[in-house]
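> No sequence on hand, only this structure:
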């Protein structure tokens, strides 16, 4: 057995292990089916996780539908809980802008853009369930090599579809317009 | 998206495209979709085309929440089977609310995952088919092996039954080999000794509720009685079912507690016109007899019935032959002063071997006694009858001449004329107590053994003649030797010395070696010789043994008393090996080919004895 003090410096714990696992899963998926297809699969995972997380916050806040402010607070809180460094840069009834300087997946997200679909889907789901519609644009991401992330959550559908982003719809849809493509 | 717009764009696409409402209604579909499945047409419900309609509602809800396209899978029903297809789903705006645009892959094999899945599925299917085929092959091989083994066991039983002569042996063969031929664990035999009396045999007697021994019909348990009366087989699947067949059976009847029970009870029917001659029961330790086992049980029972019937006839024939022979061969003899006689007759172990041996002691008066021993060719009641006739003829002819050769010559003519189909060997001696002589003649029989006091026993083989019944134109010759006091003359048939796969000389030497005892009684000498030569062996052939002892106190001439048995002379011809001749005679007799009267050369029994040419014409003893 090697001495314990030689093993101690290793950065390996449960959290590191799980993040590494997710990263490798996403990486393998991208390599096998391509980035677009992998993003689609991770969207489905993100959608399921968004539903689950939102249900917990709704219960904690004792409400069926979050306000825009509550939705923004939830996004920041949940990211911080999992090791992210998100904060609200701008909050309005038609848009929430969040910035991030620390990815919950750490440096392991680098080059794995499909993992950003997790953020897009969770934020999009939380917002869409709050306002009925959301379009999430990932303007900057650490995964793409940016220094930080800048995420814009649009809460109003632009009729001409000039705003980029991925659309999400709430269960009680007040919006019946067509989905725009990113 | 407007329907017209979709149809215009989708019409030229090779990929199946669907426009589906939030409720799952197919709003529009392109021709490629219809080619993939007839259910994928506008106006139909997507629920009707897929394998899991209930899960589709949840899927639709989820897909509608996502603006961007996501991968999906659709399990479509096609020709009674289901097939998984990959698809992409994206939400689009419709005239009447949000809708979904589904793009379906043509075939699952178009995708690497699909190819892999198909390959795995095909491999699994192949493996399943191969395993199923191997299992079927193994089952077929096992069934063939089991059938072959069962057939071999049946053949073994058939072989055994073919050579078991008696009823007892046949029943034992059924008990020993019947269960394995049927695949049962044990068996029991119930035999009819008389129409109203039965004997229960076998290690599983308790399974028929009847203890070992003899039973009256009315005393037998109900199922046994019923099977004997109606001749129908009965099968049982459990011990409880067996006991239920007869309310009088107790817990220990009909089944041995906990394990074995009577699984089949089959009547032994030898003839359709007659009642069963018994029952054959099969015992199982596990379950009842399968239909295949029941068929095998019927075959075994039918064979057993035939074998038992044959054995019954055999036993009857044997008893008849023995009865006849014993009636014709009395054990009491006329007493002649100075000569004591004793006789033993042992029937052969096999019934068909009984019947041909005989002996005779004839008081000729004036201190003379005639001793005869013979063997009629063949066995059974016919041979016994011929033996009786021949023996009576000898007794009558013995009074007509003092010459054994003349008596044998006359007897041969009688056999040739009155018993033309018979052939026999015979030796006839006349002991003259007063003269101290022994005159004898031999018609192809084994040589008598003379045991003089304190001397090596000697075979009387100075004369040679062919068997009786070969041809009437034969004149037999005789010989005379002196007979000392306290000597014994031993006459016998071949059963005493002959053994299978053994030269007859070996048996003759064995008799010569066993012949000991100067002063023993003829009775004790008989018993001694039988013990030494036969023992407890079962006899292949009948055995007749006659010992005549000359009393030690009789009045002998001085010359005879001093010369002993060495003073033997042929009258008038030369001696030859009677043992070798006897062997040849038996061989000829068994082949049923009459031998030539004269032969060129005689087999030697031992080097010290002379080999001689058979005389071209046998002359009468003067």
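Yep, that arrived. Note that the structure is a prediction, hence the values are computed from the model and not measured.
> for the stretch 351-500 of chain B, which spans come out with low pLDDT?
B:351-355 (pLDDT under 70).
> Nearest to chain A: which residue in it?
In the stretch 351-500 of chain B, the residue that lies nearest chain A is residue B:500 (85.3 Å; C-beta to the nearest C-beta). C-beta coordinates here come from the backbone N, C-alpha and C atoms, glycine included.
> would you say that residue is within a strand?
No - using DSSP: H, G, I helix; E, B strand; the rest coil, the assignment for residue B:500 is coil, not a strand.
> which residues in chain A form strands?
Assigned by DSSP state E, chain A shows strands spanning A:86-92, A:95-100, A:133-140, A:149-154, A:166-169.
> For the shortest one, which outside residues touch it?
This points to strand A:166-169. By C-beta atoms under 8 Å, 6 or more residues apart in numbering or on different chains, the residues outside strand A:166-169 that reach it are A:43, A:117, A:120-121, A:124-125, A:127-128, A:132-137, A:157, A:175, A:179-180, A:182, B:64-68, B:91, B:98.
> among those, which are in helices?
Under the assignment DSSP state H, the contacts of strand A:166-169 contribute A:43, A:117, A:120, A:121, A:124, A:125, A:127, A:128, B:64, B:65 to helices.
> What residues of stretch B:272-279 count as buried?
Across stretch B:272-279, burial judged by 16 or more other C-beta atoms under 10 Å in any protein chain shown covers B:276, B:277, B:278, B:279.
> how about these, which pair is most distant?
Greatest spacing in those, by C-beta to C-beta: B:277 and B:279 (9.2 Å).
> Common neighbours of these two, please.
Here residue B:277 and residue B:279 have residue B:268 as joint contacts, going by C-beta under 8 Å, 6+ apart.
> Quick one, grab the pLDDT at residue 76.
As the question left the chain open, I've gone with chain A. Looking at residue A:76, its pLDDT reads 95.
> my bad, chain B
Residue B:76 is assigned a pLDDT of 87 by the prediction.
> Please give the element, helix or strand, for it.
Element membership for residue B:76 (DSSP states H and E) is strand B:70-78.
> Show me which residues of that strand are buried.
Going by neighbour count (16+ other C-beta under 10 Å), the buried part of strand B:70-78 is B:70, B:71, B:72, B:74, B:76.
> beta partners for the fourth one?
This means residue B:74. Judged by DSSP bridges, the bridge partners of residue B:74 are residue B:85.
> The residue of the stretch 351-500 of chain B closest to chain A: how many residues sit nearby?
Using other C-beta atoms under 10 Å in any protein chain shown, residue B:500 has 6 neighbouring residues.
> Distance check, the residue nearest to the spatial centre of chain A against residue B:141.
With distances taken as C-alpha atoms, centre = their mean, residue A:119 lies nearest the centre of chain A, 0.7 Å away. Taken as C-beta to C-beta, to the nearest Å, the spacing of residue A:119 relative to residue B:141 amounts to 64 Å.
> low-confidence ranges in the stretch 51-200 of chain B?
Applying pLDDT under 70 to the stretch 51-200 of chain B flags the ranges B:94-95, B:106-118, B:120-121.
> quick one: the strands in it?
Assignment of strands within the stretch 51-200 of chain B using DSSP state E, counting those that start in this stretch yields the ranges B:70-78, B:81-94, B:97-104, B:186-194, B:197-201.
> Which strands and helices lie in contact with the third one?
Using 3 or more C-beta pairs under 8 Å, 6 or more residues apart in numbering or on different chains; DSSP states H and E as the contact test, the elements touching strand B:97-104 are strand B:17-21, helix B:53-65, strand B:70-78, strand B:81-94.
> if you compare the ones you listed, which one is most tucked away?
Ranked by mean neighbour count, the helices and strands packed on strand B:97-104 are led by strand B:17-21 with a mean of 23 (mean count of other C-beta atoms under 10 Å in any protein chain shown).
> what about the next helix or strand after it, distance to the chain center?
Where DSSP H and E defines the elements, the next helix or strand beyond strand B:17-21 is strand B:26-29. The chain centroid and the centroid of strand B:26-29 are separated by 84 Å under C-alpha atoms, centre = their mean, to the nearest Å.
> After strand B:26-29, which helix or strand is next?
Defined by DSSP H and E, the subsequent element after strand B:26-29 is helix B:31-36.
> I'd like the helices and strands packed on strand B:97-104 written out as TSV, with distance to residue B:407 added.
Below are those laid out as TSV (distance: least, C-beta to C-beta, whole Å):
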stretch	distance to residue B:407
strand B:17-21	127
helix B:53-65	119
strand B:70-78	111
strand B:81-94	106
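> So which of these is nearest residue A:152?
helix B:53-65 (19.5 Å).
> most packed of the strands of chain A?
Highest mean neighbour count of those: strand A:166-169, a mean of 27 (counted as mean count of other C-beta under 10 Å).
> What mean pLDDT does it get?
Averaging pLDDT along strand A:166-169 yields 91.
> ok, residue B:410 touching residue B:398?
No - the pair residue B:410 / residue B:398 is not scored as a contact, 9.6 Å apart, by C-beta atoms under 8 Å.
> neighbour count winner among these two?
residue B:398 (24 against 19).
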